[in-house]
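# need a 3D model of the sequence below.
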Amino acid sequence: MSTSTITGGGPEAGAQGGVLRRARELTPQFAEGLGVTLAIAAATTIGKLVVPIAVQQTIDTGVLGPGGPNPGRVALLCAIAAVVVVLTTCTAWVVNVRLFRATEAGLASLRVRAFRHVHDLAVLTQSGERRGALVSRVTSDVDTISTFLQTGMLVLVLSLGQVVLATALMFFYSWQLALVVLACFVPLVFLRNKLQRPVARAYAAVRVRMGEMLAAISETVVGADVIRAHAASARSRRTVDAAVEAHRKQAVKAQVATAATFSTGVLVSGLVVALVIVVGTLLGVDGDLTLGRLLAFLFLAQLWVGPVQATTEVLNELQNALAGWRRVVDLIDTPVTVPEPARDRVRELPAGPVDVRVQDVAYTYPGTDKTVLTGVDLHLPAGSRTAVVGETGSGKTTLARLVTRLVDPAQGRVLLNGVDARDLPGRELHRRVVAVPQEGFLFDATIGENVRRGKPGATDAEVRAAFAELGLGDWLDGLPEGLDTPVGQRGERLSAGERQLVALARAHLADPDLLVLDEATSSVDPATEVRLQRALEGVLSGRTSVAIAHRLSTAEAADTVVVVDSGRVVEVGPAVELAHAGGPYSRLHAAWTAQHA
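Next up, the predicted model:
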């Protein structure tokens, strides 16, 4: 599974309009009450035009009027302008509050949806992209969208309204000067697409580099012990440094592109002010423009030029936000290869130990031609214990994933108690079918809270009983705080063997009908393994179990051994018989025996 499955087709994958339409579908909260917010924003924009009008009226009628200066009229006009400015400040505050509430609701919904979709993706789809890159989509990419929506979008809306109203007022005061202003900026508008294209590409690349940087950093932090153990600190630093440097270079490149666009706007803005003063003065000399109108026009020109510049900056921010949107949308639109069954196909899993039938199953990695399993036919009777053995890469882990429906077969079907696994709701399936991986993952909580994940709502007495039934009661009692012992991030306060004991207790408390073990005792010390194996004899009684065996003891304790070789099931039978049959299991048995001789 390549990263492109999730990242899409590159910086220009999909039109911007398509991304925004899809974003609107995913987060309808953004549009709630938008009409009212825009109406209040329009009132705010109108309020900003009061100052130029007040300046013009004050000069032409209050200071240079036919009867001479009129202090009363000047004071009245100034008071009206002050009241409008205060009201405009209040409406701007209301617009900000409404916008923040709507965007936060939408962003929260987007984060939750993206997070849930990550969990809905198949294991192989998740492993096709580095964990840090996935995290960046739900965090930093959404933060980029948040920054634009809560600052840039407001500026964009107010600026566009201000430009429209200021343009109308400029034509009212002096159509000649209005044409001068437009003549300077119209070419810039037509050049905007060409100027924005490299900015869009640059910011899309920034988001990709951000994901790569977070992935490199998180991998280094999580693998700190391994890095120290193998004296690989220098190499890890080089990897992180390279990722940080790549992000820095791309961020600088994006800012350079942005600066070029912004500088063009600044140049044109300065040219506009200069031309307005020159042409306005000439019009005033000819008697076509009063002093008040010229001063008002200069205010309007600033009210026009400022938003145009701001809009240019915001459009650059929009490119960054669109890059973030595209990455989040691509993640959410990544197909779920292990979907929930349609309502008309939903079946219930009959109660009791699970009978497993694998019928003519083949599996190929998505997006590749690499076949992992071919023509697999198996029957694992209810209540039986099965060990799956084979060399590394033979396909035994994939077979376990098919039985637990972490992946779906490309061909054939997996039946659990006669029901196609694809017709079982995920919640029901994984309540009855539990897998314990080779390295038990623990959450940053107490031992009790971690075990209780197997049965939410279980009491402390039930959790302690689970340990006792596994023969681990004395181990639990020997811990400093018992069930309240914190395990740390990823269980790092416990040894590898202790983490596995907690994972096994969690699986036992869940009381599944089918238990799949990926050599769950491989990280346990020999003394604990003996005790645990004895406890498992009672725990597995009356329950179907499948164990991926890396140890001879696991295979010999099973009722049936399934030998997988190069993606095919080549032998099935009791361990004793297969050990003397002269086939692949005989060779594995001889190798195990030699290692422990």
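
# average model confidence for the one helix or strand residue 308 maps to?
Secondary-structure element containing residue 308, defined by DSSP states H and E: helix 291-332. Looking at helix 291-332 alone, the average pLDDT works out to 76.

# do stretch 378-393 as well
Stretch 378-393 carries an average pLDDT of 89.

# quote the end-to-end distance of it.
19 Å (CA to CA, to the nearest Å).

# buried ones in it?
378, 380, 382-390 (16 or more other CB atoms under 10 Å). In this view, the C-beta of every residue, glycine as well, is placed from N, C-alpha and C.

# and what of stretch 413-425?
So for stretch 413-425, counting by 16+ other CB under 10 Å, buried means 413-417, 419, 421-424.

# what do you get for stretch 558-570?
Buried positions in stretch 558-570, judged by neighbour count with 16+ other CB under 10 Å: 558, 560-565, 567, 569.

# how distant is stretch 72-79 from the center of its chain?
57 Å (CA atoms, centre = their mean, to the nearest Å).

# next one: stretch 481-500
28 Å.

# likewise for stretch 362-370?
For stretch 362-370, the separation from the chain centroid amounts to 25 Å (computed by CA atoms, centre = their mean).

# with stretch 105-121 instead?
Here the centre of stretch 105-121 is set off from its chain's centre by 7 Å, with CA atoms, centre = their mean.

# what is the mean pLDDT for that stretch?
Here the average pLDDT along stretch 105-121 is 77.

# got the contact list for it?
26-30, 32, 126, 134, 137-138, 142, 145-146, 149, 328, 331-332, 334, 336-338 (CB atoms under 8 Å, 6 or more residues apart in numbering).

# may I see the buried residues of stretch 378-393 arranged in a markdown table, with secondary structure and distance to residue 46 as well?
Shown next, in a markdown table, are these (DSSP: H, G, I helix; E, B strand; the rest coil; distance: CB to CB, whole Å):
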| residue | secondary structure | distance to residue 46 |
| --- | --- | --- |
| 378 | strand | 75 |
| 380 | strand | 75 |
| 382 | coil | 76 |
| 383 | coil | 78 |
| 384 | coil | 79 |
| 385 | strand | 79 |
| 386 | strand | 76 |
| 387 | strand | 78 |
| 388 | strand | 74 |
| 389 | strand | 78 |
| 390 | coil | 76 |
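
# show me where the stretch 151-300 of the chain has strands.
Ranges of strands in the stretch 151-300 of the chain, per DSSP state E, counting those that start in this stretch: none exist.

# mind showing which ranges of it have poor pLDDT?
188-196, 221-232, 262-263, 265-266, 285-286 (pLDDT under 70).

# before we move on, the earlier item: inside strands: which ones of the buried residues of stretch 413-425?
Counted as lying in strands by DSSP state E, out of those, are 413-416, 419.

# and of the residues you listed, the nearest to residue 234?
Closest approach to residue 234 among those (CB to CB): residue 414, at 47.0 Å.

# tell me how far the closest one lies from residue 420.
7 Å (CB to CB, to the nearest Å).

# that's a helix at residue 582, yeah?
No: applying DSSP: H, G, I helix; E, B strand; the rest coil, one finds residue 582 to be coil, outside a helix.

# what's the biggest helix in this protein, counting residues?
Counting residues, the longest helix in the chain under DSSP state H turns out to be helix 233-285.

# same for that one, what does it pack against?
Applying 3 or more CB pairs under 8 Å, 6 or more residues apart in numbering; DSSP states H and E, one finds that helix 233-285 makes contact with helix 175-222, helix 291-332.

# just put these in TSV and tack on distance to residue 460 and mean neighbour count.
As requested, the helices and strands packed on helix 233-285 are arranged in TSV below (distance: least, CB to CB, whole Å; neighbours: other CB atoms under 10 Å):
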stretch	distance to residue 460	mean neighbour count
helix 175-222	31	18
helix 291-332	39	22
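
# closest one to residue 67 among those?
Comparing the helices and strands packed on helix 233-285 by their distance to residue 67 (CB to CB), the top pick is helix 291-332, with 15.6 Å.

# now that closest one against helix 175-222, angle please.
Relative orientation of helix 291-332 and helix 175-222, computed by axes from the mean of the first three to the mean of the last three CA atoms, to 10 degrees: 30 degrees.
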